[in-house]
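Trainee: Just a sequence and a predicted model for now, questions to come.
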Number of protein chains: 2
Amino acid sequence: MPDEDAATVATLMAEADLQGSDGHGVTRLPQYARRIKAGGFNVRPDIRVVHDQISTAVVNGDNGMGHLVMKRAAGIAIDKARTTGIAWVNSQFSNHAGPASLYATMPLAHDMIGLYFAVGNANHLPPWGGLDMLLSTNPIAAAIPAGEEKPIVLDMATTVAAYGKVKTKALRGETMPEGWMIDREGKPLTDPKRADEGMLLPLGGMEAGYKGYGLAMIIGLLAGTLGGAAMGRDVIDFNHDDDSVTNTGQAIAAINIAAFGDVAVFKRSVDALVRDFRNSNRIPGVDRILVPGERSHETRASRTRLGIPIAAALLRGLDQVADDLGIAKLV
Amino acid sequence: MPDEDAATVATLMAEADLQGSDGHGVTRLPQYARRIKAGGFNVRPDIRVVHDQISTAVVNGDNGMGHLVMKRAAGIAIDKARTTGIAWVNSQFSNHAGPASLYATMPLAHDMIGLYFAVGNANHLPPWGGLDMLLSTNPIAAAIPAGEEKPIVLDMATTVAAYGKVKTKALRGETMPEGWMIDREGKPLTDPKRADEGMLLPLGGMEAGYKGYGLAMIIGLLAGTLGGAAMGRDVIDFNHDDDSVTNTGQAIAAINIAAFGDVAVFKRSVDALVRDFRNSNRIPGVDRILVPGERSHETRASRTRLGIPIAAALLRGLDQVADDLGIAKLV
């Protein structure tokens, strides 16, 4: 992989760890390295625009790493939105790109709102009432600039729990709360070691999961089908497949606040909202009210200062990769 | 109100009832009539574009009825998206406009995807962990064209239950399931007659309600703050106030599928997805798998044939309005 591309991917992976998206940062390196060796990533992709309109584009990632594809797509969206007010760019033949918020936050520096949608890289979610795994945990992210306050950044899977949280529970030997998963009879599944026998519940859970199911489907259509990328039965489970082309799809929108009014007024309004929320009276026992993204901003600040903690098991995995590649180990 | 405007509002209200959005159709007429009499709606509004960019606009509704404002906004979005690929239009000084799906579906006839976001007209939702009512049930709607299948239409409040469902439970003397509302101690509230003492739970409920809270906040920022409309503490509770200007905000986006590839290919992909979902194996006891909007399409078909059922209490309310206005009663 060209040095410049490797540096871009490494920077974005480190950004993910910095902000606390531990499931999407360096923890993915062993898998990425395996996929590169198996030929599942194109390390010299010709990333190019295949459809172009005044305020839209489709970027073909040529099966390159998703970080490269979506950084390019975000740049195009920002450029277009400068003059048009909004732009929307889809990817096709992209790959896993890390946490959704990495890209949703790129427009912020240009006084723009960012929206990001992605088709996840493994289907763990059936239609509501169904058993066939036709949907992923398709995430949505949104980033809104503020003035004196930190930007508001939402980044969420459309299931009650992301699949990574299930894997973490299994590693720790803990049980899951009821409401994360159900088995094929529709009964609660709480043993994470039996996750393969069950299904994630869409956001809303048993009571209103049809809403999360609807969101996951719409996000898949916007991020996948619209751009000619995989969705539904075409999605490759990249946890169990190192060499197939995934044709991953993502979509990013940049909304230029200046097109809608005075940017300073907007930012003051966002600041006032954040403070109203933060200062709300609280339910007894609640210490603090957070706005979306606040925890990530704090994690980023403390990890920038203190460094990123790496679990022993991950460190061993990284050293194994180094060994395989014949390069220096970390410890 | 000019005849043409009255006909537009009446048509959209009837459309709401036809598709089964009973809480947003003719049931609102007594309240609308009361608000018109109290001077809370401007019946001769100068609805105008106050910010205009290549792919965006802000429409000032001049406190006219929301149906008029958002029909205009949708038309502008569709016109712009024809040449630019996507357009996004916000409203300010708009009002309640009925169900979100009415407007999200308007781009469909032009082979466009519609997205719609709105700030609700009463705050029943606090920040996660909070007690201050700073958010409404801010809905999101999305409409995706299909080929031989009906379009996929999602229309959902970002709370577990819409407030209208609570009111219906109260009218029927039924209790609510746990998970719809909590009281000010954070305990489940199941008596709908005590709804004023409690708060709706955001989508995700006790387990993951911080996600629904985040969605409600982002939708409010996109539909309200971005367009210079009310959000947070500025939202007027129009159930308890007939004369204040609500400065309601909504946003609509139209995405032109032709800008992203071949429209026929897209529609075939959507058809295939719908069929895969519908034909999925089912959890024991589940009769049928639905895609978003399917129930509404069926309700629309049957009500077009058989008429719209009107509850006795609503009929009495409508006759009361007729009496007050000195016009012919319905029965």
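Mentor: That came in fine, so what should we check first?
Trainee: Give me the residue ranges of the stretch 201-331 of chain A where confidence is low.
Mentor: Judged against pLDDT under 70, the stretch 201-331 of chain A has no low-scoring part.
Trainee: ranges for the helices of it?
Mentor: Along the stretch 201-331 of chain A, the segments classed as helices by DSSP state H, counting those that start in this stretch run A:205-223, A:263-278, A:294-306, A:312-325.
Trainee: So what touches the third one?
Mentor: Spelled out, it's helix A:294-306. A:17-21, A:101, A:150, A:153, A:155, A:309 (CB atoms under 8 Å, 6 or more residues apart in numbering or on different chains). For glycine as for every other residue, the C-beta is placed from the backbone atoms N, C-alpha and C.
Trainee: Could you rerun that using 7 Å?
Mentor: By CB atoms under 7 Å, 6 or more residues apart in numbering or on different chains, the surrounding residues in contact with helix A:294-306 are A:18-20, A:150, A:153.
Trainee: Please work out which of the helices of the stretch 201-331 of chain A is packed deepest.
Mentor: When you average the neighbours per residue for each of the helices of the stretch 201-331 of chain A (mean count of other CB atoms under 10 Å in any protein chain shown), helix A:205-223 leads with a mean of 25.
Trainee: can you tell if that one touches chain B?
Mentor: Yes. Using CB under 7 Å from any CB of the partner chain, helix A:205-223 reaches chain B at A:205, A:207-208, A:211, A:214, A:217-218, A:221.
Trainee: Could you give the separation of that helix from the chain centroid?
Mentor: 16 Å (CA atoms, centre = their mean, to the nearest Å).
Trainee: One more: stretch A:41-52?
Mentor: That offset, for stretch A:41-52, works out to 20 Å (CA atoms, centre = their mean).
Trainee: That stretch and chain B in contact?
Mentor: Yes. Under the criterion of CB under 7 Å from any CB, chain B is reached by stretch A:41-52 at A:His51.
Trainee: quick check: mean pLDDT across that stretch?
Mentor: Mean pLDDT, computed over stretch A:41-52, is 98.
Trainee: Columns distance to B:Met231 on top of the residues of helix A:205-223 next to chain B, output as a markdown table?
Mentor: A markdown table is the format used below for these (distance: CB to CB, whole Å):
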| residue | distance to B:Met231 |
| --- | --- |
| A:Gly205 | 28 |
| A:Glu207 | 27 |
| A:Ala208 | 24 |
| A:Lys211 | 22 |
| A:Gly214 | 24 |
| A:Met217 | 28 |
| A:Ile218 | 23 |
| A:Leu221 | 28 |
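Trainee: Now the two most distant members of those residues.
Mentor: For the residues of helix A:205-223 next to chain B, with distances taken as CB to CB, the pair at the greatest spread is A:Glu207 and A:Leu221 (24.6 Å).
Trainee: neighbours of A:Arg282, just the number please.
Mentor: By other CB atoms under 10 Å in any protein chain shown, the residues close to A:Arg282 number 17.
Trainee: Distance-wise, check it relative to A:Asp52.
Mentor: 50 Å (CB to CB, to the nearest Å).
Trainee: what do you get for A:Gly204?
Mentor: 38 Å.
Trainee: who in the stretch 51-200 of chain A is up against chain B?
Mentor: Counting by CB under 7 Å from any CB, the stretch 51-200 of chain A sits next to chain B at A:51, A:53-56, A:58, A:83-86, A:88, A:90, A:126-132, A:134, A:142, A:144, A:154, A:156, A:160, A:177, A:179, A:185-186.
Trainee: rewinding a little: return the member of the residues of helix A:205-223 next to chain B nearest to A:Leu325.
Mentor: A:Leu221 (39.3 Å).
Trainee: For the closest residue in space to the closest one that isn't next to it in sequence, the count of nearby residues, please.
Mentor: Nearest residue to A:Leu221 in three dimensions, chain neighbours excluded: B:Ile144, at 5.2 Å (CB to CB, 6 or more residues apart in numbering or on different chains). Neighbours of B:Ile144 under the rule other CB under 10 Å: 31.
Trainee: Check A:Ala100 too.
Mentor: 30.
Trainee: got a list of what the residue of chain A most remote from its centre touches?
Mentor: Most distant residue from the mean C-alpha position of chain A: A:Pro284, 33.2 Å away (CA atoms, centre = their mean). If you count contacts by CB under 7 Å, 6+ apart, A:Pro284 has them with B:185-186.
Trainee: Look up how far B:Pro188 lies from it.
Mentor: Distance from A:Pro284 to B:Pro188, by CB to CB: 15 Å.
Trainee: what's the answer for A:Gly164, then?
Mentor: 29 Å.
Trainee: Also A:Ala157?
Mentor: For A:Ala157, the distance to B:Pro188 - CB to CB - is 25 Å.
Trainee: swap in A:Asp324?
Mentor: For A:Asp324 relative to B:Pro188 (CB to CB), the value is 53 Å.
Trainee: ditto for A:Val291
Mentor: Taken as CB to CB, the span from A:Val291 to B:Pro188 is 25 Å.
Trainee: neighbour-wise, which of those two wins?
Mentor: A:Val291 (26 against 15).
Trainee: can I assume the more buried one is in contact with A:Ile152?
Mentor: Yes. A:Val291 lies in contact with A:Ile152 (CB atoms under 7 Å); the separation is 5.6 Å.
Trainee: Can you work out which residues contact both of those two?
Mentor: A:Val274.
Trainee: on that earlier part again, okay, and which of the contacts of helix A:294-306 map to helices?
Mentor: A:Leu18 (DSSP state H).
Trainee: which one of the contacts of helix A:294-306 is nearest chain B?
Mentor: A:Val153 (9.4 Å; CB to the nearest CB).
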